[in-house]
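Visitor: After the sequence you'll find the predicted model.
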Amino acid sequence: MNLAPRHTLLLDVVRAHGPQTIESLAERFGVTLQTVRRDVQRLAEAGLLSRFHGGVRLPGSTTENIAYRQRQAMESEAKARIARAIAQRVPNGCSLILNIGTTIEAVAHELLHHRGLRVITNNLHVAALLSTNPDCEVIVAGGLVRGADQGIVGEATVDFMRQFKVDIGLIGISGIEADGTLRDFDYREVKVARTILEQSREVWLAADRSKFNRPAMVELARLNEVDVLFTDAPPPAPFDTLLAQGDVECVVAD
């Protein structure tokens with residue numbers, strides 16, 4: 001497909017900032033909704049974009065996540081803002097479980113100067129980071145280590161997590177679908193994350209804007225099972241309604 005300049009710019013916006021609504025693209029480019037819909041339709045037919053109700057995203061697999069190094073680079077500024085917002089809410093002297101994910105690793109960076117934390121994690125990157133904080137006790141879960149991202153998963157990990165009841169369980173997620181389901185790709189990772197929800201007095205979810213309307217294969221939980229959502233932009237419809245209905249606090253990091 002020979003791309004017109006506006007098509008190239010549209011693709012660049014979606015690649016840089018994640019899923020976009022038709023309205024936001026029309027406003028960004030100063031064109032009508034009908035023009036954007038035509039552009040999106042053409043790009044979708046070429047396999048360069050995927051459409052969802054009211055918006056567009058990059059095409060993606062529901063069975064396989066993006067490679068770890070790519071995820072580290074994606075939305076890095078947004079993840080840093082989310083991490084700072086979360087760290088500001090974490091009190092000294094509390095207990096946490098931190099799971100797998102590049103946003104969670106960004107949070108670990110921001111907790112390096114907290115005092116009196118007790119952190120349980122199935123993420124070797126998080127463990128290595130926080131072990132450099134002399135005022136932080138780090139407990140590492142047992143289980144199978146995934147070579148791709150140093151995450152620890154499996155039945156042994158689930159059994160290990162069930163020993164604890166912590167103040168805050170902080171989880172990342174691969175996708176939040178329009179019906180309010182939180183989804184990920186590895187069923188073993190999902191079983192561990194589900195256990196973290198069960199063993200936490202408060203559940204905090206870290207998800208940048210690219211996670212909204214992103215499909216994945218395995219259901220982890222429902223949005224209304226979360227106490228606080230930390231993100232980098234106001235959630236689009238219908239997520240704003242779902243958050244209100246589920247009495248979920250939404251913190252937009254700016």
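Guide: Cool, the structure landed. Numbers count the residues shown, from 1 in each chain.

Visitor: And the helices in this protein?
Guide: For the chain, the helices defined by DSSP state H occupy 5-17, 22-29, 33-45, 68-73, 76-89, 102-110, 124-130, 155-161, 187-198, 239-245.

Visitor: Could you check how far residue 37 is from residue 119?
Guide: 47 Å (C-beta to C-beta, to the nearest Å). To be clear about C-beta, it is placed using only N, CA and C from the backbone, and glycine gets the same treatment.

Visitor: Looking at the two, which has the bigger crowd around it?
Guide: Using other C-beta atoms under 10 Å, the more surrounded residue of residue 37 and residue 119 is residue 119, with 27 against 15.

Visitor: Does the more buried one touch residue 136 like I think?
Guide: Yes: counting by C-beta atoms under 8 Å, residue 119 touches residue 136, with 6.1 Å between them.

Visitor: okay, and the common contacts of the two?
Guide: 111, 130 (C-beta atoms under 8 Å, 6 or more residues apart in numbering).

Visitor: Residue 244: neighbour count?
Guide: When neighbours are defined as other C-beta under 10 Å, residue 244 has 10 of them.

Visitor: Revised request: answer the last question for residue 20.
Guide: Neighbours of residue 20 under the rule other C-beta under 10 Å: 22.

Visitor: so it makes contact with residue 11?
Guide: No: using C-beta under 8 Å, residue 20 is not in contact with residue 11, being 10.7 Å away.

Visitor: how's the chain carved up into domains?
Guide: Domain assignment of the chain by automatic domain parsing yields the ranges 5-57, 68-252.

Visitor: By mean pLDDT, show me the worst of the ones you listed.
Guide: Ranked by mean pLDDT, the domains of the chain bottom out at domain 5-57, which scores a mean of 87.

Visitor: still on that earlier bit, would you mind finding the most buried of the helices of the chain?
Guide: Of those, the one with the most neighbours on average (mean count of other C-beta atoms under 10 Å) is helix 102-110, at a mean of 22.

Visitor: Quick one: distance of that one to the chain centre.
Guide: Helix 102-110 sits 11 Å away from the centroid of its parent chain (C-alpha atoms, centre = their mean, to the nearest Å).

Visitor: Other residues contacting it?
Guide: So helix 102-110 is contacted by 68, 71-72, 74, 79-80, 82-84, 86-87, 98, 123, 125-126, 129-130, 170-172, 206-208 (C-beta under 8 Å, 6+ apart).

Visitor: 7 Å - rerun?
Guide: With C-beta atoms under 7 Å, 6 or more residues apart in numbering as the test, helix 102-110 has contacts from 71-72, 79-80, 82-84, 86-87, 98, 123, 125-126, 129-130, 170, 172, 206, 208.

Visitor: With respect to residue 254, which of the helices of the chain lies nearest?
Guide: helix 76-89 (7.0 Å; C-beta to C-beta).

Visitor: For that closest one, which helices and strands make contact with it?
Guide: helix 102-110, strand 200-206, strand 228-231 (3 or more C-beta pairs under 7 Å, 6 or more residues apart in numbering; DSSP states H and E).
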